[in-house]
Structures are given as C-alpha cells and as structure tokens.
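>>> Got a predicted model here, sequence first, then my questions.
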Amino acid sequence: MPRSAVSDSQRMSFRIKPADKAVILRATQLAGAAGITDFVLRTVLDASREIIERNDRIVLSERDGLRVLEALENPPAPNEKLIAAARALPADL
C-alpha cells in the first residue's frame with residue numbers, strides 16, 4: 001500500500017542521486033546555511049510560496065485593469081442566456 005505524502009511524523013523522505021546531493025551540499029555551504037535540512041527546507045518553502053503567489057494572483061496590464069473597472073462601473077445589459085440562468089436559480093439565493 002502506498003504511503004501518504006504527509007504523515008503525522010512531520011518527516012519527508014526522498015531518494016536523491018549522489019551528484020544532485022553534492023550540488024545541494026555545495027549550495028548549502030555557499031549559502032552559509034546551518035545544515036542541509038535548513039537549506040533545503042528554506043529553499044523549498046521560498047519556491048513554494050512564490051509558486052502559490054503566482055497562481056493565486058492575477059496580474060493585469062493597465063489597459064486590462066481599466067477595462068475591468070469600466071465593466072464593473074458600467075456593466076453590459078444582461079443577455080437572454082444570463083436572464084434564463086438567473087431565473088433557473090433557486091428562489092432562496
């Protein structure tokens with residue numbers, strides 16, 4: 001049976017090629033990190049936060065931002081499909 005990716009032990013284990021480990025150890029030394037665990041954890045957390053931030057935020061150009069504001073301030077009239085969808089909603093919404 002496969003192991004869960006996250007368990008109560010708060011430990012992560014993975015296999016790594018010796019050449020990759022050597023690169024990580026060298027980077028750990030150059031970064032002045034307290035140890036490989038500290039370096040890997042800090043690096044992975046930084047990268048993870050950046051990925052999450054990039055995917056949780058929409059960046060619009062100035063032109064697109066102005067178009068969104070314009071649509072919010074002056075929304076177009078509802079078309080037949082929107083009216084039909086609104087009528088199909090339960091009354092208690």
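Yep, it's here. Numbers count the residues shown, from 1 in each chain.

>>> list the helices and strands the lengthiest helix in the chain packs on?
Looking across the chain with DSSP state H, the single longest helix is helix 36-56. On a contact count with 3 or more Cβ pairs under 8 Å, 6 or more residues apart in numbering; DSSP states H and E, helix 36-56 meets helix 18-31. C-betas here are computed from N, CA, C, even on glycine.

>>> Return the very next helix or strand once past the longest helix of the chain as PDB; C-alpha atoms alone will do.
Where DSSP states H and E defines the elements, the next helix or strand beyond helix 36-56 is helix 62-73. Extracted as PDB, the C-alpha positions of helix 62-73 are listed here (Å, rounded to 0.1, in the frame of the first residue of the first chain):
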ATOM      1  CA  GLU A  62      -3.000  48.800 -17.100                       C
ATOM      2  CA  ARG A  63      -5.300  48.600 -20.200                       C
ATOM      3  CA  ASP A  64      -7.000  45.400 -19.000                       C
ATOM      4  CA  GLY A  65      -7.300  46.700 -15.400                       C
ATOM      5  CA  LEU A  66      -9.100  49.800 -16.800                       C
ATOM      6  CA  ARG A  67     -11.400  47.500 -18.900                       C
ATOM      7  CA  VAL A  68     -12.300  45.500 -15.800                       C
ATOM      8  CA  LEU A  69     -13.100  48.700 -13.800                       C
ATOM      9  CA  GLU A  70     -15.200  50.000 -16.700                       C
ATOM     10  CA  ALA A  71     -17.200  46.800 -16.900                       C
ATOM     11  CA  LEU A  72     -17.800  47.000 -13.100                       C
ATOM     12  CA  GLU A  73     -18.900  50.600 -13.200                       C
END
